[in-house]
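**Q** Structure for the following, please:
(chains A and B)
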Amino acid sequence: MIAHTVFFYIFSLIAIVSAVMVTVSKNTVHSVFFLILDFISISCLFIMIGAEFLGMIMLIVYVGAVAVLFLFVVMMLNVAEQKGQWFSSRWDGGTHIPVGLLVSLIIFFELIIVIGGWKYKPDLLNSLSINISTEVTNTRSIGNVLYTDYIFLFQISGMILLVAMIGAIVLTYRERAGVKKQSYVKQISRERDEGVDLVEAERNKGVKIDA
Amino acid sequence: MDSYFSILLTEVYKILFLLVPVLVSVAMIVWLDRRVWAFVQKRRGPNVVGPFGLLQSLADALKYIFKEIIIPASSNKLVFVLAPVVTMTLALISWAVIPFGEDFVLADINVGILYLFAVSSLGVYGIIMGGWASNSKYPFLGAIRSAAQMVSYEVSIGVIIINVLLCVGSLNLSDIVLAQQNLWFIIPLFPMFVIFFISALAETNRPPFDLPEAEAELVAGYQTEYSGMMYAMFWLGEYANILLMCAMGSVLFLGGWLSPIDIFPFNVIPGPFWLIFKILFLFILFALVKATVPRYRYDQLMKLGWKIFLPFSLFYVVLTSSFLLYFDLLPGK
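**A** Just a heads-up that it's a prediction; the model follows:
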């Protein structure tokens, strides 16, 4: 049990420190790297409490896909160095502090509600409608509730994500003129008659081909 | 406290027992790659250092160790140094879950295949970090290309894994192998095996998908600014990843440590040897592809990943699951 505790504190320390570093570090690319470190240590914590499926999904989805996109955007926008303009990166020189404060207050109250639930209802986990058995692997038990009791919520969240994706594509898509596109079907189905032309070339005059 | 120490010692011993052979075989596999490549092209390949040139990779490694490590002045030094370390570490830690035989695996975890998938999806960071930290155009372009390529092909590998999991009913790699005792998954899922093989080529930046290091366009891609041992670490990590993809292919489709037929001369050969044979077989396929196929264009690569492989493997998921449901073969009920 000692080793378990030691590892728990190591991972939580890394998680907290890197979470702070995400907001504090001046180089935005470093921020994203710290965010990745944070995700990794949190998935380690998930694995330590026995939720290995959640931990791995956290790694695959957040670190393997979402953070890569973050990194892409941050690198492409070339906002790597923002010297001396903390909290004032808005285009009109204003600050983000009020909005940031509001969001963090909301998150803070949400946390209070969740933790309060644990504090005033000690057997919260037992009183839930799902009975958690230790014999089944957690992958199987998540599947058992996700695809039976919560199937509609699951499908609806999938739909919302799909709509969001389509929305993003519609917003950013623009038709570009003069782009040459390759069509395999067209290339393969080309016949000799279309490709080859026999031309009578007149002497000293030649033929014009790009008509 | 004493028991902790002994546990630690046995674990370290096991890890060394796994990693040293992996590293040695990575060196050998580089030699094999070059030899196969040479034979296809009617050359001799490395044949001077040691018998058949077997020690060529060791000689190369020695050369890399004694070369100077140059860190560009304008690079982001910490990230620059970390990038090859990340690549190498990620390539090695995934070997922990590969089962070499029944009960012959370092960490027999419940979500083995997810672990493999997660670690291979982290592999992109070594490349992005290296490309960005070099603070130079070619490495950056190479890193961006590589990241886009790896993220796209991971999606289709994920869907292919779902196909296998539908037939197994477990995420444990040993269970996946044991489920193939009667029939290797390559037979019912042959199209998925082909797509897995091609996606593995793209995932490990092997030709014909080696666009991140297309030397005619990008010098050496994300490795351009690296030298000495740091370059060698990228290179070792890359080959360890290729071996890992071969191991994953053998576990998922070729029955892992199982012998092809369960009769006398075959089933006396111990399981690990079968796994090694299968890995080598897949690797020689990798090498033959490298020797014969020209490089893809970037838009063709993206088109292949997103518009052909992804829809087809999704369709195959539907096909597999309906087949299993209709014939009542679904596992784990």
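
**Q** In space, what's closest to the closest residue to chain A within chain B - neighbours in sequence excluded?
**A** Of all residues in chain B, the one sitting closest to chain A is B:Ser121 (3.0 Å; CB to the nearest CB). Just so you know, the C-beta spots here come from the backbone N, C-alpha and C atoms, and that holds for glycine as well. Among residues not flanking B:Ser121 along the chain, A:Gly64 sits closest, at 3.0 Å (CB to CB, 6 or more residues apart in numbering or on different chains).

**Q** for chain A, which spans come out with low pLDDT?
**A** A:78-94, A:119-135, A:209-211 (pLDDT under 70).

**Q** what residue lies at the spatial centre of it?
**A** A:Val66 (2.2 Å; CA atoms, centre = their mean).

**Q** what's the next secondary structure element after the longest helix anywhere in chain B?
**A** Longest helix in chain B by number of residues (criterion: DSSP state H): helix B:2-40. For helix B:2-40, the following helix or strand on the C-terminal side (DSSP states H and E) is helix B:56-66.

**Q** Just want the angle from that next one to helix B:2-40.
**A** 110 degrees (axes from the mean of the first three to the mean of the last three CA atoms, to 10 degrees).

**Q** Hmm, B:Leu122 and the residue nearest to B:Ser121 touching each other?
**A** Yes - taking contacts as CB atoms under 8 Å, A:Gly64 lies within contact range of B:Leu122: 6.3 Å.

**Q** When the two are compared, which one has more neighbours?
**A** Legend: neighbour count by other CB atoms under 10 Å in any protein chain shown for A:Gly64 and B:Leu122, higher for A:Gly64 (26 against 23).

**Q** OK, contacts around that one?
**A** By CB atoms under 8 Å, 6 or more residues apart in numbering or on different chains, A:Gly64 lies in contact with B:Ala118, B:Ser121, B:Leu122, B:Val124, B:Val151, B:Glu154.

**Q** For the stretch 1-150 of chain B, what lies in contact range of chain A?
**A** B:4, B:76, B:79, B:109-111, B:114-115, B:117-118, B:121-122, B:124-125, B:128-129, B:132, B:140, B:144, B:147 (CB under 8 Å from any CB of the partner chain).

**Q** among those, which are in strands?
**A** Secondary structure defined by DSSP state E assigns none of those to strands.

**Q** The closest residue to B:Leu201 other than its chain neighbours: what's it in contact with?
**A** Leaving aside its sequence neighbours, B:Leu201 sits nearest to B:Phe209 (CB to CB, 6+ apart; 5.5 Å). Going by CB under 8 Å, 6+ apart, B:Phe209 touches B:Gln149, B:Leu201, B:Ala202, B:Arg295, B:Tyr296, B:Leu301.

**Q** try 10 Å this time
**A** Listed by CB atoms under 10 Å, 6 or more residues apart in numbering or on different chains, the contact partners of B:Phe209 are B:146, B:149-150, B:153, B:198-203, B:289, B:293, B:295-296, B:298, B:300-301, B:304-305.

**Q** Could you do B:Ile160 as well?
**A** With CB under 10 Å, 6+ apart, B:Ile160 has these contacts: B:189, B:191-197, B:199-200, B:252-253, B:309, B:313, B:316-317.

**Q** Tell me which stretches of the stretch 201-333 of chain B form strands.
**A** In the stretch 201-333 of chain B, no strands are defined using DSSP state E, counting those that start in this stretch.

**Q** returning to what we had before: next one: the residue of chain B closest to chain A from B:Phe140, what distance?
**A** For B:Ser121, the distance to B:Phe140 equals 21 Å [CB to CB, to the nearest Å].

**Q** Same check on B:Pro208?
**A** 23 Å.

**Q** Please name the nearest non-neighbouring residue to B:Ser75.
**A** B:Asn135 (5.0 Å).

**Q** Run a quick neighbour tally on the one you found.
**A** 17.

**Q** What's the per-residue pLDDT of it here?
**A** Looking at B:Asn135, its pLDDT is 82.

**Q** start to end distance for stretch A:20-28?
**A** Stretch A:20-28 has an end-to-end distance of 13 Å (criterion: CA to CA, to the nearest Å).

**Q** Point out where chain B drops to low pLDDT.
**A** Checking chain B against pLDDT under 70 turns up B:1, B:215, B:332-333.

**Q** Show me where it has its helices.
**A** For chain B, the helices defined by DSSP H cover B:2-40, B:56-66, B:77-93, B:112-122, B:124-133, B:137-168, B:173-178, B:190-203, B:215-218, B:228-253, B:264-267, B:271-292, B:298-303, B:310-326.

**Q** how about a markdown table for these, with distance to B:Val49 added?
**A** Output for those, formatted as a markdown table (distance: least, CB to CB, whole Å):
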| stretch | distance to B:Val49 |
| --- | --- |
| helix B:2-40 | 9 |
| helix B:56-66 | 5 |
| helix B:77-93 | 24 |
| helix B:112-122 | 32 |
| helix B:124-133 | 29 |
| helix B:137-168 | 30 |
| helix B:173-178 | 36 |
| helix B:190-203 | 29 |
| helix B:215-218 | 25 |
| helix B:228-253 | 16 |
| helix B:264-267 | 35 |
| helix B:271-292 | 19 |
| helix B:298-303 | 36 |
| helix B:310-326 | 43 |
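
**Q** Comparing the ones you listed, which comes out most buried?
**A** Ranked by mean neighbour count, these are led by helix B:124-133 with a mean of 27 (mean count of other CB atoms under 10 Å in any protein chain shown).

**Q** Show me what that helix is packed up against.
**A** When contacts are defined as 3 or more CB pairs under 10 Å, 6 or more residues apart in numbering or on different chains; DSSP states H and E, helix B:124-133 packs onto helix A:28-48, helix A:67-77, helix B:77-93, helix B:137-168, helix B:228-253.

**Q** So what's the gap between it and the chain middle?
**A** 18 Å (CA atoms, centre = their mean, to the nearest Å).

**Q** related to what we said a few turns ago, report the contact partners of the residue of chain B closest to chain A.
**A** A:59-61, A:63-65, A:68, B:90, B:150-151, B:154-155, B:157-158, B:203.

**Q** Does B:Ile269 touch B:Ser259 like I think?
**A** Yes - contact criterion CB atoms under 10 Å: B:Ile269 and B:Ser259 qualify, at 6.4 Å.

**Q** joint contacts of these two?
**A** B:Phe277.

**Q** which residues touch stretch A:5-12?
**A** So stretch A:5-12 is contacted by A:Ile40, A:Ser41, A:Ile42, A:Ser43, A:Cys44, A:Leu45, A:Phe46, A:Ile47, A:Met48, A:Ile49 (CB under 10 Å, 6+ apart).
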